[in-house]
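Novice: below are the sequence and a predicted model; questions follow.
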Protein chains: 2
Amino acid sequence: MAEPTGTRAGDHVLGVDSGGSGLRIAVARIDGDGARLQPAATFASREPVHTGPDGIDADQMLRQLLPAGAELAEEVDADRFVAVCVGAAGMGTLGDALRARLPGALATAFGVRRLALAADAVTAYAGALGQRPGAVVAAGTGLVALGTDLTPTGGWRRADGWGHLLGDCGSGAWIGRAGLEAALRTHDGRPGGSQELLTRAEKTLGPVTGLPAALYPRPDRPAVLASFAPEVAHCAAAGDPVAAGILDDAARHIADSAAAVCPPGPDAAVALTGGLLALGDPLLSPLRAALAERLPGARPVEAAGSPLDGSLAIAAALAADRLALPVDGKLLQITGHVTSSPARRAG
Amino acid sequence: MAEPTGTRAGDHVLGVDSGGSGLRIAVARIDGDGARLQPAATFASREPVHTGPDGIDADQMLRQLLPAGAELAEEVDADRFVAVCVGAAGMGTLGDALRARLPGALATAFGVRRLALAADAVTAYAGALGQRPGAVVAAGTGLVALGTDLTPTGGWRRADGWGHLLGDCGSGAWIGRAGLEAALRTHDGRPGGSQELLTRAEKTLGPVTGLPAALYPRPDRPAVLASFAPEVAHCAAAGDPVAAGILDDAARHIADSAAAVCPPGPDAAVALTGGLLALGDPLLSPLRAALAERLPGARPVEAAGSPLDGSLAIAAALAADRLALPVDGKLLQITGHVTSSPARRAG
């Protein structure tokens, strides 16, 4: 395959993953064949980029991204980044300022010619499966499923990701909330409760009569709910049937979302990625069963890498004119000076 | 029965019901026999009493209560109120300022000698059942069940009322939330959804892709969710099985809460009160079935009156030394100068 115009073997790309827990940046050297790249240098900050009334704060992101990018460039002896991918939670609906500011700022600072702006679900997909057809469920405090068949007309299919009040079914917030509700059922003498969950709730969060006052005024209610999910998994592992039932239901919801976005056919790979994996077998065992039932033709696979790896992979594919993932105006958008070469979509 | 010291036949009592939709006040003339009273004059304001960092704002309540009380006294030609009951949402946990300020202010303004401070669930109970043993489920945007056997040691039993994230199972917010989740399942192509609910959601709330942005930033999220409950009832009445299933589940949750607080025995009355009744037969029909199954010995009854009626009834019972409802430090508290007469608890 011809090397795209203007990209030199040995050039570097930059990947960014911006989310609720902070900003992660990695740089990698591209070697021309488009295979998965190892980060050559990384940067991580625990200061999340804020979202204000105008969406994701581009200035605040640039205040971290520009000096960190310059430091990484020096570390790997790069004189420019030929392509950059910025993955961010909320990019689709809250990314207008990033779309307006990043192309110019990154071109000036690092000579960036190609820039991909991606929803965090897209970088999660690319990190987990690379440029293969399939479905990825990104699950932590929230939950969203994304799938594609990689055909030019197929685009992205998306399921759930509606937040803790409207959906995110099977997510950490969903599991933790169900566990606390079961604890309070026992406290009240209502059926469907669990003494084990009540005991764990009081041990980790204090007397349950104080729960409403501790939860409702907080801006990070979903995270507070999700913080109880490991306790639900702990109780399920210890044999509590109510906790195990919550995780069975969560597994079915996760499989439902995967099935809603997974392309048909035996080649589709299905992966779960994100913090929810840390719940371990009490969730993963019923999840394997639910996926086998809902998607008997698909191949469950381990996620190959993180959203940051996915961001690097998208930047590398962009640099090599081999981006095969669907480009649209919301989930994955290419801005800046993109060479439209005949090799595009050939990878 | 001896008339309590200092109360004259023809004296007046004042009842207050303070909640999220405003402040309601009524005055009634007591005639000595303690039977249910008809309000002689009423006042209603749509300005709810605010809750701040120090709890329910006593000054703001008094700015409405004192002039309205004076007007009502003039209207019924009363020179004092021998007893007052103030029922307020959040009284138990957020009522410290009311407990500190109201006794003195009401004694000065209206010669009040006896004051009851009650949680809104207690005035709902007294309005629905009076001073009979049983269980009352107060259900609107939220849901709480309260029960008592009226024995001196029995006290109040309470179930749910934990708010829209931890419980309030079967409430308006619970039903509306479940309906919106079902709408989004269909939108995503996940199972368990309902095209009818999706159509109603888009008709009443706009394109569902805009729902998260419309819901999450609002401070009144539970009310927004509850606003969709009538649409769920509408779809159930039109034969949608998913909507009907949501209301079946809600009915079971309501019956669970009633059963958790209802005293044993065939004499216990069970009533549902509050705005959720407006959903009509799509909810009330499965609720009758669920109550018959969970509480076969209890007698489902219509609520006799409103929380404002209950507030008046408590004030009248207090004036006549016939208060039989359990008095405790949180749900129903008596402050001010209370005559401890031998006739107390004889009613």
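Specialist: Yep, that arrived. Model, not experiment: these values are computed from the prediction. Residues are numbered from 1 along each chain as shown, chains lettered A, B, ... in the order given.

Novice: checking residue A:135 next. Helix, strand or coil?
Specialist: Secondary structure state of residue A:135, per DSSP: H, G, I helix; E, B strand; the rest coil, is strand.

Novice: ok, what's across the strand from it?
Specialist: Using DSSP bridges, the beta-bridge partners of residue A:135 come out as residue A:147, residue A:270.

Novice: residues of stretch A:257-273 that come out buried?
Specialist: By 16 or more other Cβ atoms under 10 Å in any protein chain shown, the buried positions in stretch A:257-273 come out as A:257-263, A:268-273. C-beta here means a position set from N, CA and C on the backbone, and glycine is covered the same way.

Novice: of all the residues you listed, which two lie farthest apart?
Specialist: A:263 and A:273 (17.9 Å; Cβ to Cβ).

Novice: output the lengthiest helix in chain A as PDB, nothing but the C-alphas.
Specialist: Criterion DSSP state H: the longest helix present in chain A is helix A:241-261. Provided in PDB are the C-alpha atoms of helix A:241-261 (Å, rounded to 0.1, in the frame of the first residue of the first chain):
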ATOM      1  CA  PRO A 241     -29.500 -14.700  46.500                       C
ATOM      2  CA  VAL A 242     -30.900 -11.200  46.300                       C
ATOM      3  CA  ALA A 243     -27.400  -9.700  45.400                       C
ATOM      4  CA  ALA A 244     -26.900 -12.600  42.900                       C
ATOM      5  CA  GLY A 245     -30.300 -11.800  41.400                       C
ATOM      6  CA  ILE A 246     -29.300  -8.100  40.900                       C
ATOM      7  CA  LEU A 247     -26.200  -9.200  39.000                       C
ATOM      8  CA  ASP A 248     -28.100 -11.700  36.900                       C
ATOM      9  CA  ASP A 249     -30.500  -8.900  35.900                       C
ATOM     10  CA  ALA A 250     -27.600  -6.600  35.200                       C
ATOM     11  CA  ALA A 251     -26.000  -9.300  33.000                       C
ATOM     12  CA  ARG A 252     -29.200  -9.600  31.000                       C
ATOM     13  CA  HIS A 253     -29.400  -5.800  30.600                       C
ATOM     14  CA  ILE A 254     -25.800  -5.700  29.400                       C
ATOM     15  CA  ALA A 255     -26.400  -8.600  26.900                       C
ATOM     16  CA  ASP A 256     -29.600  -6.800  25.700                       C
ATOM     17  CA  SER A 257     -27.600  -3.700  24.900                       C
ATOM     18  CA  ALA A 258     -24.800  -5.700  23.200                       C
ATOM     19  CA  ALA A 259     -27.400  -7.600  21.100                       C
ATOM     20  CA  ALA A 260     -29.100  -4.300  20.100                       C
ATOM     21  CA  VAL A 261     -26.000  -3.000  18.400                       C
END
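
Novice: looking at the buried residues of stretch A:257-273, which one is closest to residue B:199?
Specialist: Distances from residue B:199 to the buried residues of stretch A:257-273, taken as Cβ to Cβ, are shortest for residue A:260 (19.3 Å).

Novice: so that closest one touches residue B:190, yeah?
Specialist: Yes - Residue A:260 sits in contact with residue B:190 when judged by Cβ atoms under 8 Å, with a separation of 4.8 Å.

Novice: now for the two: what residues contact both?
Specialist: residue A:159 (Cβ atoms under 8 Å, 6 or more residues apart in numbering or on different chains).

Novice: picking that back up, next, format the buried residues of stretch A:257-273 as CSV and append pLDDT.
Specialist: Converted to CSV, these look like this (pLDDT from 0 to 100):
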residue, pLDDT
A:257, 98
A:258, 97
A:259, 97
A:260, 97
A:261, 97
A:262, 96
A:263, 94
A:268, 90
A:269, 94
A:270, 95
A:271, 96
A:272, 94
A:273, 93
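
Novice: ranges for the helices of chain A?
Specialist: A:58-76, A:91-94, A:96-110, A:120-129, A:172-188, A:195-205, A:211-215, A:221-226, A:229-237, A:241-261, A:281-294, A:307-319.

Novice: can you give me how far the lowest-mean-pLDDT helix or strand in chain A is from the chain middle?
Specialist: Ranked by mean pLDDT, DSSP states H and E, the weakest helix or strand in chain A is strand A:51-52, scoring a mean of 78. Here strand A:51-52 is found 19 Å from its chain centre; the criterion is Cα atoms, centre = their mean, to the nearest Å.

Novice: what of stretch A:112-122?
Specialist: Distance, centroid of stretch A:112-122 to centroid of chain: 13 Å (Cα atoms, centre = their mean).

Novice: in that stretch, what's buried?
Specialist: A:112-122.

Novice: any residue of it up close to chain B?
Specialist: No - judged by Cβ under 8 Å from any Cβ of the partner chain, stretch A:112-122 stays clear of chain B, getting no closer than 13.3 Å.

Novice: returning to what we had before: what about the least confident helix or strand of chain A, near chain B?
Specialist: No - counting by Cβ under 8 Å from any Cβ, chain B is not contacted by strand A:51-52; separation bottoms out at 10.6 Å.
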